[in-house]
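Asker: with the input below, show me the fold.
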Amino acid sequence: MMIKNKKVAQIEQGDPITLDESTNSSNNISNTNNNTQINKNQEHKQENNDADKELGLKVYLRFKEAYEEYVVLPKGASVAAALWSIFTYGYDVFEFAPRLAILSPEPRCGKSTLLSLLGGLVYNPLNASNATGAAIYRAIDRGKLTLLLDEVDTFINNPGNNQMVGILNAGHRKNGFVLRTDSKDYSKIQKIKCYSPVALAGIGNIPQTLQDRSIVISLRRKRPEEKSKILRIAKFEAEMVPDKANCQKFMSRNKIKISEICVPTHPFLSDRGNDNWECLFKIAKFISEEVYQEAIQASISLSKGDFGNEESIRCILLRDIKQIFEDRNVDIMEVQELVIRLCELPESPWETYENRGLTAYSLARLLKFFCIQSHQIKKQGINKKRYRQKDFEDAFLRYLPQNDQDTTDEENLPHKP
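Answerer: Numbers count the residues shown, from 1 in each chain. Below you'll find the model as predicted:
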């Protein structure tokens, strides 16, 4: 037997229905419909979000596979290269654009091949084997692109090329600009943007300020048993067209959401290192927790394997002085004795420093940068210029790596849920 709605029964029997009863009934029906629609919208959004994550994972795995297929890479490099390639399709929403520095100690290590692969995968690549600072910022100012510089060791370290290094450094941050005078009216100042992704490849080192703004991939020459496919760039670019289209779709739909993701800073990276990896961490975290963990491990591996991250001569001096004070177990040392012991250290640069060896004067000049100076101290009745260990302690803490920060253990890493 069918049970009729109470209101329907009242109408059929001719019973009057009050206004409040009618309104409440309409409101209940309306609320039910609204809740149903909200649930449907939420389900639809969740489905779209899941589909976007799957698309991002598909692109990431395809890019990562491509890099591993054609170049013998150090641990973590394919992860970094894949995420950086994805980043170029939406770099305009992030605060930092890390440079991707591909370095090697000798030729034939795969630098140009890796740069060619990047050219086949990144957004709107512009390749160059030489450039002036003016050409770089003019190209960036005209539109969104990814700048790929090869053979940088032949021009970027030249003393006359400081302008280019300054431009590449300024473009690391979103608000990076250079100021230039108008060629027709020198009284007018032009503000030219230089924020853009940049990858550069070369032998040896790049300027330290630029390296600090880079994710460094240090390549080595292949061993006989290590194999990789030969790259035919035209064929490769044709094969990757669908994957690049998927990457464009993925980033255009999700780059705002990705940029709003909060990721923690990591103690095993420097402040600048956290800035460099932030955008890649965000992309990885959006795709999946597994990819995020891969990105963290890649940042650790690449930071440890950065052979180009050399100490400055002043930091080497601090390290050696610290060793001498500890080995001698003293807290005061005569200036000339410290100079002699520095020159006696094996594999140190001090015996031949500035072609004549370290002197008391050159030692004082180097330590002046740290606000450290010798003092006239009387010891055993003899008054001489001496250095005090306590004057070095602040510099040791600030400029030398601490043992607890050198070693990365599992306690410092984020745990998987």
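Asker: ok, now which ones touch L200?
Answerer: 99-102, 148-150, 152, 156, 168, 206, 214 (Cβ atoms under 8 Å, 6 or more residues apart in numbering). Where you see a C-beta, it was placed from the backbone N, CA and C, and this is true even at glycine.
Asker: restricted to strands, list the residues you listed.
Answerer: Counted as lying in strands by DSSP state E, out of the contacts of L200, are 99-102, 148-149, 214.
Asker: of the residues you listed, closest to I332?
Answerer: S214 (41.8 Å; Cβ to Cβ).
Asker: I'd like to know how far the closest one sits from I316.
Answerer: Noted for S214: a distance of 22 Å to I316, by Cβ to Cβ, to the nearest Å.
Asker: mind listing the helices for the stretch 251-400 of the chain?
Answerer: Using DSSP state H, counting those that start in this stretch, the helices of the stretch 251-400 of the chain run over 271-287, 289-304, 313-328, 335-344, 360-367, 393-399.
Asker: between those, which one is closest to R232.
Answerer: helix 289-304 (27.6 Å).
Asker: could you find the closest non-adjacent residue to the residue nearest in space to the middle of the chain?
Answerer: Centroid-nearest residue in the chain, with Cα atoms, centre = their mean: N276, separated by 2.3 Å. Distance criterion Cβ to Cβ, 6 or more residues apart in numbering; nearest residue to N276, sequence neighbours excluded, is P98 at 3.8 Å.
Asker: residues near R99, how many?
Answerer: Using other Cβ atoms under 10 Å, R99 has 26 other residues around it.
Asker: partners of it in the sheet?
Answerer: S214 (DSSP bridges).
Asker: for it, give me the pLDDT.
Answerer: Note for R99: predicted pLDDT of 97.
Asker: what residues are up against it?
Answerer: Here R99 is in contact with 168, 172, 197-200, 210, 213-215 (Cβ under 8 Å, 6+ apart).
Asker: please tell me how far H375 sits from E294.
Answerer: Per Cβ to Cβ, H375 is found 53 Å from E294.
Asker: those two: which is more packed in?
Answerer: E294 (21 against 12).
Asker: now the nearest residue to the more buried one once chain neighbours are set aside: which helix or strand?
Answerer: Leaving aside its sequence neighbours, E294 sits nearest to V79 (Cβ to Cβ, 6+ apart; 5.1 Å). Using DSSP states H and E, V79 sits within helix 77-87.
Asker: next, the angle helix 271-287 makes with that helix.
Answerer: Inter-element angle recorded for helix 77-87 and helix 271-287: 80 degrees (by axes from the mean of the first three to the mean of the last three Cα atoms, to 10 degrees).
Asker: could you pull up the mean pLDDT of helix 77-87?
Answerer: 98.
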